[in-house]
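**Student:** Test case, fold it:
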Amino acid sequence: MIFDIRKNFVTLLAMAFFLVAFGLGCWAFVLRDRLDIAEDKIGGFEDAARIRRQSDREQARLREEAAQLDDYLDAKEGGDAPLSDYLSDAAGRLWP
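**Tutor:** I've put the predicted structure just below:
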């Protein structure tokens with residue numbers, strides 16, 4: 001009888017240990033999956049930030065070029081002379 005109780009106790013203890021180990025393994029698997037998803041999202045955010053920085057640099061360069069062109073045209077002789085209708089219409093479309 002004592003042998004049966006010990007046998008049942010050891011069996012129950014082994015089953016409990018197995019269930020705990022199995023549960024921890026499943027939990028680790030789920031956490032690993034979540035980590036992979038989070039790392040993919042971070043990679044996407046890094047790519048988006050890199051593209052945005054590149055776009056910002058390009059826009060700043062274009063604004064600087066446009067400002068230099070405006071300054072150049074303002075400084076040229078006759079820069080304040082009235083434009084013909086054709087040039088006035090074109091300028092109005094380029095610089096609204």
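**Student:** What separation is there between Y72 and R93?
**Tutor:** Distance of Y72 to R93, given as C-beta to C-beta, to the nearest Å: 20 Å. Where C-beta positions appear, they are placed from N, C-alpha and C, glycine not excepted.
**Student:** starting at the chain centroid, how far to the worst-scoring helix or strand of the chain on mean pLDDT?
**Tutor:** Within the chain, confidence by mean pLDDT, DSSP states H and E is lowest for helix 85-94 among all helices and strands, at a mean of 87. Computed by C-alpha atoms, centre = their mean, to the nearest Å, the separation of helix 85-94 from the middle of its chain amounts to 41 Å.
**Student:** With stretch 30-42 instead?
**Tutor:** Centre-to-centre, stretch 30-42 and its host chain are 15 Å apart (C-alpha atoms, centre = their mean).
**Student:** distance between stretch 70-85 and the chain's centre?
**Tutor:** 44 Å.
**Student:** who touches that stretch?
**Tutor:** For stretch 70-85, contacts defined as C-beta atoms under 8 Å, 6 or more residues apart in numbering pick out 88, 91, 95.
**Student:** Can you flag the buried ones in those?
**Tutor:** Not one of the contacts of stretch 70-85 meets the buried threshold, by 16 or more other C-beta atoms under 10 Å.
**Student:** got TSV for those, with distance to P82 too?
**Tutor:** Converted to TSV, the contacts of stretch 70-85 look like this (distance: C-beta to C-beta, whole Å):
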residue	distance to P82
S88	8
A91	11
W95	16
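**Student:** Direction-wise, compare whichever strand or helix holds R6 with helix 85-94 and give the angle.
**Tutor:** According to DSSP states H and E, R6 maps onto helix 2-75. For helix 2-75 against helix 85-94, the angle by axes from the mean of the first three to the mean of the last three C-alpha atoms, to 10 degrees is 160 degrees.
**Student:** Nearest residue to the middle of the chain?
**Tutor:** Nearest residue to the geometric centre of the chain (C-alpha atoms, centre = their mean): F45, 1.5 Å.
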